[in-house]
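Student: sequence and predicted structure below; questions after.
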Amino acid sequence: MIYVDADACPVKAEIERVGTRHKVQMFVVSNGGIRPSPNPLVQTIVVPDGPDVADMWIADRATKGDVVITGDIPLAARCVENGAQVLKHNGEPLTTANIGNVLATRDLMADMRAADPFRQGGGKPFSKADRSRFLDALERALRAAKG
């Protein structure tokens, strides 16, 4: 199965295309505002408003053999701990080998932003190369999940 943390996910169409090719059930989870897909393999899950409700829904279900797509690092850590494969939107895998460092970096950056309210910037824009890297990574993850 594929679980998608759908709020602010720039690769929903790509996930659906690759998941359909592999005939994998997909759960697109959000707090609402996402148009449901007519694809029978895609189930749109709308959770109640609240902090981390969509994340908890995914983390409570994702396990070994599943693929989770998220940019949320704490959610990724829980899913990695449960044995799921986790991919960021740019195709970067989050694994037991790197999730600790990624969490630490996230916390450090949050502290830096809190200490300097005038700090500008954010992430770099999502590029065609990111989309291509994501498609390749998702393809590999689904093959590995089947094997």
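Tutor: Received the coordinates, thanks. Numbers count the residues shown, from 1 in each chain.
Student: need the next SSE after the helix or strand of the chain with the lowest mean pLDDT, C-terminal direction.
Tutor: Lowest mean confidence among the helices and strands of the chain (mean pLDDT, DSSP states H and E): helix 99-115, at a mean of 66. Once the chain leaves helix 99-115, the next helix or strand it forms, by DSSP states H and E, is helix 128-146.
Student: so where is this protein shaky, pLDDT-wise?
Tutor: For the chain, applying pLDDT under 70 flags the ranges 104-123.
Student: just give me the residue right at the centre of it.
Tutor: In the chain, the residue lying closest to the centroid (C-alpha atoms, centre = their mean) is T70, at 1.5 Å.
Student: from G147, how far off is it?
Tutor: 23 Å (C-beta to C-beta, to the nearest Å). Where you see a C-beta, it was placed from the backbone N, CA and C, and this is true even at glycine.
Student: circling back to that earlier point, is it true that the residue nearest to the centre of the chain touches A59?
Tutor: No. Counting by C-beta atoms under 8 Å, A59 is not a contact partner of T70; they are 9.7 Å apart.
Student: can you list residues touching both of these two?
Tutor: C79 (C-beta atoms under 8 Å, 6 or more residues apart in numbering).
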